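Structure for the following, please:
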Amino acid sequence: MQALLDERAMIQAMMDFEAALARGQARLGVIPQAAAQAIASLCRAELYDVGALVAASGRAGSLAIPLVRKLSETVALFDPAAAGYVHWGSTSQDVIDTALVLQTRRALCLIEEDLLALLGHLLDLAERHAAVPVLARTLMQPALVSSLRARLYHWSAPLLRSAQALRAQAEQALLLQLGGAAGTLASLGEQGPAVAAAVAAELRLKLPETAWHTQRDRWLRLGAELGVLTGSLGKLARDWALLAQAEVGELSEAGAGGSSAMPHKRNPVACMQALAAARRAPQRVAALLACMDQEQERGLGGWQAEQAEWCGLLLSSHAAVRALSQAAAGLQLDLGRMRANIDQQRDLVFAEALALLLARVWGKAGGHRAVELLAQQVQARGRPLRELARQLPTEHAELRARIAPEEIEALFDLEAAARQADAGVAAGLARLRAEWTEMMDQPCKHHESPRSA
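Down below sits the predicted model:
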């Protein structure tokens, strides 16, 4: 991702736009064919001093200005007449916005590749681990029994939704930018729409109804989806890091990182990397939103600020998904530890179920209070809740008359609880697998290179 977004790559993407502009115009007879050939042949970033162009952009206020100047000078060395047709009818924002669209198209494919790989690993784990009880935790405290499959479903579903949403928003946002000085293509006259269509075809981009110089809504919706994805990845990384704590020990990263001072440490480095990236993404999205109030037909400072934030958001998104995708490939699950963590609760994970059973006789408040008192005994005396619950019918005639011992015993069946949790997500997991397979069978379309590249 860093290579895709570096200065040389940006300049090449801008050159791709200039070559496509010249070729499209020549095909319509707007400029001579020979001029287009001369221009396109020199639209290669390796022919230019990238550092000098970037340095000049600070004084010029736009990277497009020194780039177009240098391209014109270079074309003039071989064909002076053709040099006059460089950047014909276009403006700086056209070349910069379109170049960023081209880079984003490739960047989204990198993100999607790792995202679908991560999803594949999670779905495979779900298929391999049926009815595995896990301790559900709410407000950071032990709660009830869930299942590993349910947990994997809840990790996977938001990621698949993001993969689908990114494709949908990319279809709307990855558009050619070509409007000329004020967005009207005035310098191209009646040929303006045809030129725009020709350039879009050259770059394999969708053609918008008109230039979107200061209408950034579709672009920002794509950015917001990247932010949502990175937030979901941060949640996944946070859960993994908590479950990887030595006191919990339910999973670990293969080959987890060590410590410079403590030889025993196994740090969840992938989680750390994903969380660091996820922490940066919200600020990027907020900055992009703050850039939307661009003035009239062409803004001052807004789209210039957007570029750095956009690249940072792409980097953060890919950093998070790449780290977790690589970690998921070797994720180590400790099923025995999952069971042990439940057993340490001395059956308190079934307190809610017991309270609801007792409510048949004592009402909801009465059942809740009775189990609350039993839970205090569990904590004080160390006896499992199941043992205390078994004694209730012998101590209370009204319970003995209406609740069979088998009903109490059935409440404490770990495997049954895990099967119930699995059943709750069975249809969802099947749908996730089918939709994931469909995405895998239809690879990312946004990787296409411009014809002029």
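
what number of residues lie near L53?
24 (other Cβ atoms under 10 Å). The way it works is simple: take the backbone N, C-alpha and C, and place the C-beta from them, glycine included.

again but with R339, I slipped
16.

How is G29 assigned, secondary-structure-wise?
Secondary structure state of G29, per DSSP: H, G, I helix; E, B strand; the rest coil, is coil.

So what does it look like in phi/psi?
Backbone geometry at G29, expressed as degrees, to the nearest 10, gives phi 80, psi 10.

do you know how far the residue of the chain positioned farthest from its centre is from R128?
Going by Cα atoms, centre = their mean, the residue of the chain most distant from its centre is A397, 58.1 Å out. Distance of A397 to R128, given as Cβ to Cβ, to the nearest Å: 49 Å.

In contact with G227: list those residues for me.
For G227, the contact set (Cβ atoms under 8 Å, 6 or more residues apart in numbering) comprises 281-282, 284-285, 313.

Which residue ranges of the stretch 51-200 of the chain form strands?
With DSSP state E, counting those that start in this stretch as the criterion, the stretch 51-200 of the chain has strands at 133-138, 141-147.

For L123, find the nearest of the ones you listed.
Checking those against L123 by Cβ to Cβ gives strand 141-147 as the closest, at 15.0 Å.

Name the spans of the chain whose pLDDT lies under the cut-off.
Across the chain, the ranges flagged by pLDDT under 70 are 255-265, 445-453.

residue contacts, the spatially most central residue of the chain?
For the chain, the residue sitting closest to the mean C-alpha position, by Cα atoms, centre = their mean, is L229 at 2.9 Å. For L229, the contact set (Cβ under 8 Å, 6+ apart) comprises 111, 115, 159, 162, 166, 317, 321.

I'd say the fourth one and V228 touch.
Yes. With contact defined as Cβ atoms under 8 Å, S162 and V228 form a contacting pair (6.0 Å).

So which of the two has more stuff around it?
S162 (25 against 18).

Give me the distance between the more buried one and A82.
Counting by Cβ to Cβ - S162 and A82 are separated by 46 Å.

go on, G299?
For G299, the distance to A82 - Cβ to Cβ - is 32 Å.

likewise A40?
Relative to A82, A40 is positioned 10 Å away (Cβ to Cβ).

now do L115
Distance, L115 to A82, by Cβ to Cβ: 44 Å.

and these two? which has more neighbours close in?
L115 (27 against 22).

ok, the more buried one touching V321?
Yes. Contact criterion Cβ under 8 Å: L115 and V321 qualify, at 5.0 Å.

So M292 belongs to a strand, correct?
No. Applying three-state DSSP, one finds M292 to be coil, outside a strand.
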